[in-house]
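1. Here's my sequence, what's the structure:
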Amino acid sequence: MSTAAASMGGPAAGGAASLLEVAGLDAGYGASQVLFGMSFAVQAGRCSTLLGRNGMGKSTTIKTVMGLIKPMRGEVRWKGKPVQAQPPYVMARAGIGLVPEGRQIFPNLTVRENLVATAIQRKTATPWTLQRVHKLFPRLAERSSNFGNQLSGGEQQMLAIGRALMTNPALLILDEATEGLSPLIRQEIWAALARVKSEGTSILIVDKNIAPLLVLADRHHIIEKGRVVWQGDSQALRNDRAAWSRYLGA
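-> Sure thing, here's the model as predicted:
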């Protein structure tokens, strides 16, 4: 781990309570191990990132957190309680909303049906409703009766985010938040996520567009070969050009 990472004091630096903690996680696919002691935390009300080149274990980490992959060892703790290997529906009911890589919307359902199909009502100050999602993404209101397979890639990503928000999550996880999207759509996505964060929702993002994440995120974790090799705040990452060159290919 880099000097910058060590000086930041570890996964839960900063004093805020950790909502999600990943500790010593080993996981993979069959006999192929991908994660080696993966450890990080997402604090309540904060935005964190998982960064790194392709194939380093970012998506595997998210799949393991969500219960799509059973860990070999280690812990996933949600609000202080071990939840590793719980099935995805349990993680969703617990308050984690996932925007998966590839969006995975229902192509034969309308936009409205996609949004309400998995909605969960929780007792929150400002719950996410169909109307609030439409206000966040006006294009979804305009295309409410269109089927999922009739949307552009950017609209599908908005729909995937809106669907996750309709579960009223405490933590929103996005795997490749803006992959393959035009610059204008990316800007709209980042602006929407900034609004979601401002309302108190914690966010964990995997994305290759680092510049906007330096503005949005509070803490960054760089993953190399299945483990965290650097972590720190946006200012530390902005200043550590050696880390960019070594781990991010930038």
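
2. Going by C-alpha atoms from here, please, whenever you check contacts or count neighbours.
-> Fine.

3. Just give the number of residues close to the closest residue to Gly95 other than its chain neighbours.
-> In space, and not counting its chain neighbours, Gly95 is closest to Pro169: 4.5 Å by C-alpha to C-alpha, 6 or more residues apart in numbering. Neighbours of Pro169 under the rule other C-alpha atoms under 10 Å: 25.

4. In contact with Ile185, which residues?
-> Shown in contact with Ile185 (C-alpha atoms under 8 Å, 6 or more residues apart in numbering): Gly154.

5. doesn't it fall inside a helix?
-> Yes - assigned with DSSP: H, G, I helix; E, B strand; the rest coil, Ile185 falls within a helix.

6. okay, and for the chain, where does confidence drop off?
-> Within the chain, the stretches with pLDDT under 70 are 1-16, 250.

7. Need the outlier residue of it, farthest from its centre.
-> Ser145 (27.8 Å; C-alpha atoms, centre = their mean).

8. That one against Thr110, yeah?
-> Yes - between Ser145 and Thr110 there is a contact at 5.4 Å, judged by C-alpha atoms under 8 Å.

9. how close does the spatially most central residue of the chain sit to Arg241?
-> Closest to where the C-alpha atoms of the chain average out (C-alpha atoms, centre = their mean) is Ile173, at 2.4 Å. For Ile173, the distance to Arg241 equals 27 Å [C-alpha to C-alpha, to the nearest Å].

10. Gln156 too?
-> Gln156 is 34 Å from Arg241, by C-alpha to C-alpha.

11. one step back: the residue nearest to Gly95 touches Ile203, doesn't it?
-> No - with contact defined as C-alpha under 8 Å, Pro169 does not reach Ile203; the gap is 9.7 Å.

12. circling back: between Gln156 and Arg241, which is the more surrounded one?
-> The neighbour count for Gln156 versus Arg241, taken as other C-alpha under 10 Å, is higher for Gln156 (22 against 13).

13. Let me see the contact set for that one.
-> 103, 105, 148.

14. Mind jotting down where the strands sit in this structure?
-> 18-29, 32-43, 47-51, 73-78, 81-82, 96-99, 171-175, 202-206, 219-224, 227-232 (DSSP state E).

15. Output those in TSV, with distance to Gln131 appended to each entry.
-> Shown next, in TSV, are the strands of the chain (distance: least, C-alpha to C-alpha, whole Å):
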stretch	distance to Gln131
strand 18-29	28
strand 32-43	28
strand 47-51	25
strand 73-78	29
strand 81-82	34
strand 96-99	18
strand 171-175	19
strand 202-206	21
strand 219-224	31
strand 227-232	37
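
16. Quick check: Arg227 touching Met38?
-> Yes - using C-alpha under 8 Å, Arg227 makes contact with Met38 at a distance of 4.8 Å.

17. This structure: helices as residue ranges?
-> Assigned by DSSP state H, the helices in the chain fall at 3-7, 58-65, 88-94, 111-117, 130-136, 138-142, 153-165, 183-198, 210-216, 234-239, 241-243.

18. Please identify the most buried of these.
-> helix 153-165 (a mean of 25; mean count of other C-alpha atoms under 10 Å).

19. Next, the angle from it to helix 183-198.
-> Relative orientation of helix 153-165 and helix 183-198, computed by axes from the mean of the first three to the mean of the last three C-alpha atoms, to 10 degrees: 10 degrees.

20. Go ahead and measure how far helix 153-165 is from the middle of the chain.
-> 13 Å (C-alpha atoms, centre = their mean, to the nearest Å).

21. again, but for stretch 180-198
-> 13 Å.

22. Check stretch 223-239 too.
-> When C-alpha coordinates are averaged (C-alpha atoms, centre = their mean), stretch 223-239 and its chain have centres 16 Å apart.
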